[in-house]
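> What follows is a predicted structure for the sequence shown.
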Amino acid sequence: MKTLATIALTAAAIGTAAVVSGAHNAEAAPNPDAAACLRSSGSDGINACTRFLRYGAYTPWGRGWAHYHRGRHYYNLRRYRQAIGDYTRAIANDPGTKTRSVYYSARARSYYHLSRRYIGRGLRDVRLAIQIDPQCKYCWDTQGHLLAAIGRKRQAIHSFRVALGIDPQYRSSREGLRRLGVRS
């Protein structure tokens, strides 16, 4: 099940990339770099997002969107420092929408994977994400994984259960509870 933020990000890349890039002509063709930024993976995705940032993302929202997706590509390549940098730029460019919660949560996950010593930063980010959008299952799940990593089992269980209350089929939270020895 797609979240509202995912749907908004997808719509921006595929159907309204001309608007995101700042074009005023409603009939302008979608930006191919925006579509490739969304659909590609690895270095191809990073390059497409970089091109979109350089030549097509004229609005703050468009830049935030492109930084988020480039960060996602870095994250999937386990290049967490670069992912954190792009997620930080996505947060800075976001005009204050609920999408910002996804950006904070993604950065929190990158902190989690980067090093245990950054988990405190990740927890701060995910708490901000939950304040922005209390119905973000990804945010609650991220918080659960961070709390489990530092041994705060009861709080982690609570976070996973909140995520499952939002989406009872959310696999990551089910797996988090299983790792903690709790049946979902």
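Looks like it came in fine. Numbers count the residues shown, from 1 in each chain.

> Give the next helix or strand downstream of the host helix or strand of residue 69.
Element membership for residue 69 (DSSP states H and E) is helix 60-76. Using DSSP H and E, the next helix or strand after helix 60-76 towards the C-terminus is helix 80-93.

> I'd like to know how many residues surround residue 174.
The tally of other residues near residue 174 (other C-beta atoms under 10 Å) stands at 18. Where C-beta positions appear, they are placed from N, C-alpha and C, glycine not excepted.

> Might one say that it is in contact with residue 167?
No: if you go by C-beta atoms under 8 Å, residue 174 and residue 167 don't touch, sitting 10.1 Å apart.

> And for residue 110, the neighbour number?
Using other C-beta under 10 Å, residue 110 is surrounded by 28 other residues.

> make that residue 82, sorry
By other C-beta under 10 Å, neighbour count at residue 82 equals 16.

> go on, the one 5 residues further on?
Using other C-beta under 10 Å, residue 87 is surrounded by 29 other residues.

> The residue nearest to it when sequence neighbours are not counted: how many residues sit nearby?
Leaving aside its sequence neighbours, residue 87 sits nearest to residue 107 (C-beta to C-beta, 6 or more residues apart in numbering; 3.7 Å). Per other C-beta under 10 Å, the neighbour tally for residue 107 reads 30.

> just how off-centre is the helix or strand where residue 124 lies within its chain?
Per DSSP H and E: residue 124 is located in helix 119-132. Centroid separation for helix 119-132 versus its chain: 13 Å, with C-alpha atoms, centre = their mean, to the nearest Å.

> before we move on, back to that, can you point out the buried residues in the helix holding residue 69?
Under the neighbour-count criterion of 16 or more other C-beta atoms under 10 Å, helix 60-76 has 61-75 buried.

> same question, stretch 83-99
Applying 16+ other C-beta under 10 Å to stretch 83-99 flags 83-91, 93-94, 97-99 as buried.

> same deal with stretch 44-62?
Residues of stretch 44-62 classed as buried: 45-49, 51-53, 56-57, 61-62 (neighbour count, 16+ other C-beta under 10 Å).

> for it, what is the average pLDDT?
Across stretch 44-62, pLDDT averages out at 90.

> all numbers from here: first residue = 56
Sure thing, new numbering starts at 56, so read that last one as stretch 99-117.

> Tell me how far it lies from the chain's centre.
Averaging C-alpha positions (C-alpha atoms, centre = their mean) puts stretch 99-117 16 Å from its chain's average.

> now swap in stretch 152-159 and tell me
The answer for stretch 152-159 is 7 Å, by C-alpha atoms, centre = their mean.

> And for stretch 125-139?
On C-alpha atoms, centre = their mean, the centre of stretch 125-139 falls 11 Å from that of its chain.

> for whichever helix or strand residue 101 is part of, packing partners?
Assessed by DSSP H and E, residue 101 sits inside helix 97-110. Judged by 3 or more C-beta pairs under 8 Å, 6 or more residues apart in numbering; DSSP states H and E, the packing partners of helix 97-110 are helix 87-94, helix 115-131.
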